[in-house]
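In: I'd like to go over a predicted model; first the sequence, then the structure.
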Amino acid sequence: MPAAIDTVTTEVRATGERMSEIADVAIRVRGISKCYPIYDKPRDRLKQFLLPRLQRFAGRQPGQYHREFWALRDVSFDIGCGETVGIIGRNGAGKSTLLQIICGTLTPTNGAVETRGRIAALLELGAGFNPEFTGAENVFLNAALLGLSRDQAEAKFDSIAAFADIGDFLEQPVKTYSSGMYVRLAFAVQACVDPEILVVDEALSVGDIGFQYKCFRRMEELRDRGVTILMVTHSTGSILQYADRCIVLDGGRVSHDTPQVLEAVLAYEKGMIAQQCPAEPVVLRPSTDPVMSSQELAARQTARRHAAIEEVRFGTARAIIDELRVLRDAGAGATDDPVIQSGDEVVFRFRILSSERIPDVVLGVSLSKTMGGDVWGDNNLNAGVRVDLLPGATEVDYRVRLPISTGEYLIHCGLARFEQDSREELDQRRPMRKLTIWSPRSQVGVVHAPVSVTVRTGKTA
């Protein structure tokens, strides 16, 4: 639920000292811990409520009828006014719990939080909205929760409506909204009420690419005005692009807190990879192995899709793109060091399986920011290299330097064969996997092309 707080202090089990007043600190977190009781059986709740009281009354040591789950343990940090801080960590690391405590919608078990300034929080989809109210009514409701008077809310209403851009739906109950419309209106309210602290928890992931771009532009404007921004996201590209500092949570504790954002992202992603099952090594099929039929390849095509990024895959499956590895110029796989620096030489290594000899195929690869338009792409036909497939496995390397700005990109691949005026789609994979690119200098747009600046004063020859 959105929070409106001029100065909020949450203190539990006070240590006897008051947090000092420091003008340039917007958020101060000290020793925050949060424990949730886990009950194995419903009746254990009743036992926990009654029996310890009776045991104390009888002079006995009270028992415990639940297990403890510590979502956070002894978390401490300061966030300065005007800082943009990214918080990352795998699911269950305690990110959302921490944000709820900072916003005052959740009470910690131990510790203290102090904030200065109006907090606008977008913690989860629809939080703070009454589903029976219209969008316009919810604008005024949320504005009141954020501490605005009716006159102030009316003065900002037109800018909120324009930013949300949901048309006549503004006068309809929000229970009829799609998830995208929900987040449009919610972010518009939070971002247009002049917050001093903006807290965003993964909510923008449901918006379309155009709205996401508008939201990040708005966040840049707020940052330039000195607004403190705290963002939780699984998009390491967004963290690299926007954050001045990164906090990594692991098992409810702070494992990294550093202005070296790339260092923190690499530590987080390597930790995520360590949690996964080791990938099977790429082994080319020996010529003595039986070649898979087109029916077997079609079954493999159907079974192997990247569900996490909603891969769409289709084609005749006479040949398929079985695997793709992204390698650095030094030969290290992107699963070992998944962030590629802009301008580094990258190798896209394809493993293609074919049921028969197929001459003169076209293998294409492209990058996009989302499922929309490509920002880069090429193929062997454009490169003037003929690729003939033989029955079995074929490995193809594409080597390229990508001068692309910081961000997360989707890799799309396609295998086809042209014959006169006809085209056979053998295997289309859109998208096949993700790629994170980091550039040491923030820029507008997609192409990473830093300018060299020369300043001359006076007359020149």
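Out: All right, it came through fine.
In: Strands of the stretch 151-300 of the chain, start to end?
Out: Applying DSSP state E, counting those that start in this stretch to the stretch 151-300 of the chain gives strands spanning 197-201, 228-232, 245-250, 253-258.
In: Comparing these by mean pLDDT, which bottoms out?
Out: Per-stretch mean pLDDT for the strands of the stretch 151-300 of the chain is lowest at strand 197-201 (a mean of 84).
In: what helices or strands is it leaning on?
Out: When contacts are defined as 3 or more Cβ pairs under 8 Å, 6 or more residues apart in numbering; DSSP states H and E, strand 197-201 sits against helix 95-103, strand 119-122, helix 179-191, helix 209-224, strand 228-232. All C-beta atoms are positioned from the backbone trio N, CA, C, and that covers glycine.
In: Out of those, which is closest to residue 426?
Out: Nearest to residue 426 among these is helix 209-224 (28.9 Å), distances taken as Cβ to Cβ.
In: need the strands for the stretch 1-150 of the chain, in chain order.
Out: 7-12, 25-38, 67-80, 84-88, 110-116, 119-122.
In: Could you name the helices and strands sitting against the shortest one?
Out: Translated: strand 119-122. Counting contacts by 3+ Cβ pairs under 8 Å, 6+ apart, strand 119-122 packs against helix 95-103, helix 179-191, strand 197-201.
In: Kindly recompute the last result at 10 Å.
Out: Secondary-structure packing of strand 119-122 (3 or more Cβ pairs under 10 Å, 6 or more residues apart in numbering; DSSP states H and E): helix 95-103, helix 179-191, strand 197-201, strand 228-232.
In: okay if I get the ones you listed as a markdown table plus mean neighbour count and distance to residue 368?
Out: Output for the helices and strands packed on strand 119-122, formatted as a markdown table (neighbours: other Cβ atoms under 10 Å; distance: least, Cβ to Cβ, whole Å):
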| stretch | mean neighbour count | distance to residue 368 |
| --- | --- | --- |
| helix 95-103 | 24 | 27 |
| helix 179-191 | 23 | 19 |
| strand 197-201 | 23 | 24 |
| strand 228-232 | 24 | 23 |
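In: Which residue ranges make up the domains of the protein?
Out: For the chain, the structural domains run 7-273, 294-438, going by automatic domain parsing.
In: comparing the ones you listed, which gets the lowest mean pLDDT score?
Out: When the domains of the chain are ranked by mean pLDDT, domain 7-273 comes last with a mean of 80.
In: what about that domain, distance to the chain center?
Out: How far domain 7-273 lies from its chain's middle: 15 Å, per Cα atoms, centre = their mean, to the nearest Å.
In: try stretch 417-426
Out: Centre to centre, stretch against its chain (Cα atoms, centre = their mean), the figure for stretch 417-426 is 38 Å.
In: Which residues in that stretch does the neighbour count mark as buried?
Out: 417, 426 (16 or more other Cβ atoms under 10 Å).
In: Tell me which of the helices and strands packed on strand 119-122 approaches residue 293 most closely.
Out: Closest to residue 293 of those is helix 179-191 (Cβ to Cβ; 42.6 Å).
In: The closest one - contacts with which helices or strands?
Out: Applying 3+ Cβ pairs under 10 Å, 6+ apart, we find helix 179-191 packed against strand 119-122, helix 135-145, helix 150-164, strand 197-201, helix 209-224.
In: Now render the ones you listed as a markdown table, adding distance to residue 440.
Out: Formatted as a markdown table, these follow (distance: least, Cβ to Cβ, whole Å):
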| stretch | distance to residue 440 |
| --- | --- |
| strand 119-122 | 30 |
| helix 135-145 | 39 |
| helix 150-164 | 32 |
| strand 197-201 | 25 |
| helix 209-224 | 19 |
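In: Next, count neighbours for residue 173.
Out: Other residues lying near residue 173 total 16 when counted by other Cβ atoms under 10 Å.
In: give the contact list for it.
Out: Contact analysis of residue 173 by Cβ atoms under 10 Å, 6 or more residues apart in numbering lists 129-135, 137-138.
In: wait, which of the domains of the chain is closest to residue 446?
Out: Comparison of the domains of the chain against residue 446 by Cβ to Cβ identifies domain 294-438 as nearest, at 4.7 Å.
In: How far off centre is that closest one?
Out: For domain 294-438, the distance to the chain centre is 24 Å (Cα atoms, centre = their mean).
In: Longest strand of the chain, counting residues only.
Out: Assignment by DSSP state E gives strand 422-438 as the longest strand of the chain.
In: Turn the strands of the stretch 151-300 of the chain into JSON lines, including distance to residue 215.
Out: Below are the strands of the stretch 151-300 of the chain laid out as JSON lines (distance: least, Cβ to Cβ, whole Å):
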{"stretch": "strand 197-201", "distance to residue 215": "8"}
{"stretch": "strand 228-232", "distance to residue 215": "11"}
{"stretch": "strand 245-250", "distance to residue 215": "20"}
{"stretch": "strand 253-258", "distance to residue 215": "26"}
